[in-house]
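S.K.: okay, structure incoming, though there's no sequence with it:
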């Protein structure tokens, strides 16, 4: 995508976001009460700040807290995160809702644009291309935490060569959304990054201990009970729309496979992604290793939604960094353009109509691009 096209595309999406916000908030025509995903994070944080953290995992009490934070009658937003996320959201829950929303998204979004631009090699062109990715605008519009996940992954990968313990801290902090960190131990073990592993393990241990000390063990009991109910309830039943998911399980269920067969598809994808990632982190260069890890996150996650495609942008940024230095491979620019298009088509309303899991293509395609570039480097190294 050219810089001019990226600018126009980003501007168009910003306009669409403003239009959608106006429509869903009744500024154009009267609509039923509506809210964003952030309502669940805020309500959970507010309950924790008020001394009732376990209530974040009680649908009735969380629903009431969401309505109190926004307006009566709003649609219910799920809260699937463990108590370690309450450590982050409790301070935000003490602020007025709108202030909390804006501050959280601006802080995490600005950090993502800064880190993502640095990953891609720096410069205005890289920044504009990141802004052109539809996921950025979805995360802003929905009030999601995907910027934070990408921030932690990008920061960890950037400092890993020079400060592995600090990288481990960033990786370990992803325990607030643990299903996105499943492939991090695989990569670090393959590269024998023992100090990073120690940093990650220490961070997870401290975060869990802090959440128990602050919120009590009953909060973890409530979370685990909710997680057990949600796997066969909200998640596998389709209450969380299959059309919004970009993980292999959700994609398989979207096209009609049963939950058991969909899980089998996920296990197969997980095994392949693990083998490929081990090879990359033993044989590839820095950019291909890091791109492979960010791409494999979307394949290995048992549950990921379209706003998590920010992680695909991180994988693409690492590959773009290598391409800007070493030159683009044949068809690479076209593939990147098609990935941006598939990112746009991953919107649930489009996927639900077409019954094609466009978003689930990002992880495998980007992992294949990382392997292709790594193999080219290996051939040149040993030729």
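M.R.: Alright, I've got the coordinates. Computed from a predicted model, the values in this text were never measured in an experiment. Residues are numbered from 1 along each chain as shown.
S.K.: any stretches of this structure with poor pLDDT?
M.R.: The model of the chain has pLDDT under 70 over residues 1-35, 231-238, 378-383.
S.K.: ok, residue 200 - contacts?
M.R.: Going by C-beta atoms under 8 Å, 6 or more residues apart in numbering, residue 200 touches 168, 169, 171, 172, 184, 185, 188. C-beta coordinates here come from the backbone N, C-alpha and C atoms, glycine included.
S.K.: again but with residue 371, I slipped
M.R.: Per C-beta under 8 Å, 6+ apart, neighbours of residue 371: 276, 279, 280, 288, 292.
S.K.: ok so, going back, among the contacts of residue 200, which are located in helices?
M.R.: Among the contacts of residue 200, the members falling in helices (DSSP state H) are 168, 169, 171, 172, 184, 185, 188.
S.K.: out of the residues you listed, which two sit at the greatest distance?
M.R.: Largest separation among the ones in helices among the contacts of residue 200 by C-beta to C-beta: 169 and 185, giving 14.9 Å.
S.K.: neighbour count winner among these two?
M.R.: residue 169 (21 against 15; other C-beta atoms under 10 Å).
S.K.: from what I see, the more buried one and residue 199 are in contact.
M.R.: Yes - judged on C-beta atoms under 8 Å, residue 169 makes contact with residue 199 at a distance of 5.1 Å.
S.K.: for the one helix or strand residue 372 maps to, which positions count as buried?
M.R.: Assigned by DSSP states H and E, residue 372 belongs to helix 362-382. For helix 362-382, burial by neighbour count (16 or more other C-beta atoms under 10 Å) applies to 362-367, 369-374, 377.
S.K.: hmm, back to that, which one of the contacts of residue 200 sits closest to residue 56?
M.R.: Looking across the contacts of residue 200 and measuring by C-beta to C-beta, the closest to residue 56 is residue 172, at 22.0 Å.
S.K.: quick check: that closest one touching residue 198?
M.R.: No - if you go by C-beta under 8 Å, residue 172 and residue 198 don't touch, sitting 9.8 Å apart.
S.K.: what about the two, which has more around it?
M.R.: Between residue 172 and residue 198, residue 172 has the larger neighbour count (other C-beta under 10 Å), namely 25 against 15.
S.K.: apart from its neighbours in sequence, what residue is nearest that one?
M.R.: Distances taken as C-beta to C-beta, 6 or more residues apart in numbering place residue 203 nearest to residue 172, at 2.8 Å, with adjacent residues excluded.
S.K.: would you verify that that neighbour is located in a helix?
M.R.: Yes - assessed by DSSP: H, G, I helix; E, B strand; the rest coil, residue 203 belongs to a helix.
S.K.: how near is the residue nearest to residue 82 when sequence neighbours are not counted to residue 71?
M.R.: Once flanking residues are discounted, residue 82 sits nearest to residue 223: 5.4 Å by C-beta to C-beta, 6+ apart. Counting by C-beta to C-beta, to the nearest Å, the gap from residue 223 to residue 71 is 27 Å.
S.K.: cool, and residue 78?
M.R.: 19 Å.
S.K.: quick revisit: tell me which of the contacts of residue 200 is nearest to residue 260?
M.R.: residue 185 (26.7 Å).
S.K.: doesn't residue 194 make contact with the closest one?
M.R.: No - using C-beta under 8 Å, residue 185 is not in contact with residue 194; the gap is 11.8 Å.
S.K.: show me the domain layout of this structure.
M.R.: 3-31+96-218+241-374, 34-95 (automatic domain parsing).
S.K.: residue 193 versus residue 199, what's the distance?
M.R.: For residue 199, the distance to residue 193 - C-beta to C-beta - is 9 Å.
S.K.: residue closest to the middle of the chain?
M.R.: In the chain, the centroid-proximal residue (C-alpha atoms, centre = their mean) is residue 308; its distance is 3.1 Å.
S.K.: quick one: stretch 89-108 to chain centroid distance?
M.R.: Distance of stretch 89-108 from the chain centroid (C-alpha atoms, centre = their mean, to the nearest Å) equals 19 Å.
S.K.: ah, wrong one, I meant stretch 137-151
M.R.: Stretch 137-151 has its C-alpha centroid displaced from the chain centroid by 8 Å (C-alpha atoms, centre = their mean).
S.K.: name the residues that touch stretch 342-353?
M.R.: 133-135, 138, 241, 243-244, 246, 254, 306, 309, 312, 354, 356-359, 361-362.
S.K.: and for stretch 47-66?
M.R.: The contact list for stretch 47-66, computed with C-beta under 8 Å, 6+ apart, reads 35, 39-40, 42-44, 46, 74, 76-77, 79, 83, 86, 89-91, 93-94, 214-216, 218-219, 221-223, 225-226.
S.K.: sorry, back to before: the residue nearest to residue 172: what's it in contact with?
M.R.: 168, 169, 171, 172, 173, 175.
S.K.: number of residues surrounding the first one?
M.R.: Spelled out, that is residue 168. As a burial measure, residue 168 scores 27 neighbours (other C-beta under 10 Å).
S.K.: would you confirm that it contacts residue 187?
M.R.: No - when contacts are counted by C-beta under 8 Å, residue 168 is not listed as touching residue 187 (11.9 Å).
S.K.: so what sits against both of these two?
M.R.: residue 193.
S.K.: look up how far residue 207 lies from the residue nearest to residue 165 when sequence neighbours are not counted.
M.R.: Of all residues beyond its chain neighbours, the one nearest residue 165 is residue 199 (4.2 Å), with distances taken as C-beta to C-beta, 6+ apart. The gap separating residue 199 from residue 207 is 12 Å, by C-beta to C-beta.
S.K.: what touches both of those two?
M.R.: Shared contacts of residue 199 and residue 207, counting by C-beta under 8 Å, 6+ apart, come down to residue 172.
S.K.: buried stuff in the helix or strand hosting residue 65?
M.R.: Assigned by DSSP H and E, residue 65 falls within helix 59-69. Going by neighbour count (16+ other C-beta under 10 Å), the buried part of helix 59-69 is 62, 63, 65, 66, 67, 69.
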